[in-house]
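S.K.: pasting a predicted model and its sequence here:
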Amino acid sequence: MNAIGIYRRNEVGMIIRQYLKTFAPALFLLLCCSISAFAQSAPESQRSRQKDLTDVTFHTIPVKVAIDALGSQLNLNVIFDDAVKDSDTLTIMLKDVTIEQAIKIVLVAKRLQARIIEEKKIIVFPDHEANRQKYGQYELWPAKSDANK
């Protein structure tokens, strides 16, 4: 009876060893590829995130010039309502922001609003009720689908 139990244990052990010999190299290769892919993807995502973030500093610059400069980095054509004054200046220092965030901050700081009038073209105007009605047919920039940026 003991001999039969030992024989079956040896038989099971041999089968397990054979499976390990067959599948172990494949499992090891799969594990190495996964680790390699993970190691490569982490720095790429960090680099793209760092690339998107920038520092923005303007010192006593006309608001139109600042918004236009930032907009050009997003390939936006910026048009200004006549009520946006050339004499209105801006001094601002922002760290680790996206260009879109920087524009939004400038708009809020100067009580301005932007609307999309065509693809890649926005109009900037003073944010008050009359102008909101005047430009109400256009979609707000940035679009609500870009929320939480």
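M.R.: Cool, the structure landed. Numbers count the residues shown, from 1 in each chain.
S.K.: neighbouring contacts of the helix or strand that contains residue 100?
M.R.: Using DSSP states H and E, residue 100 sits within helix 99-109. Here helix 99-109 makes contact (CB atoms under 8 Å, 6 or more residues apart in numbering) with 54, 56, 63, 66-67, 70-71, 73-74, 90, 92, 94, 97, 112-114, 124, 127, 142, 146, 149. (Each C-beta comes from the backbone N, C-alpha and C, glycine too.)
S.K.: mind running it again at 10 Å?
M.R.: Helix 99-109 has contacts (CB atoms under 10 Å, 6 or more residues apart in numbering) with 52-56, 58, 63, 66-67, 69-74, 76, 78, 90-92, 94, 97-98, 112-114, 122, 124, 127, 141-142, 146, 149.
S.K.: pLDDT weak spots in the protein?
M.R.: Applying pLDDT under 70 to the chain picks out residues 1-10, 12-51, 144-149.
S.K.: swap in 90 and give it another go.
M.R.: Residues of the chain that meet the criterion pLDDT under 90 lie in 1-52, 86, 142-149.
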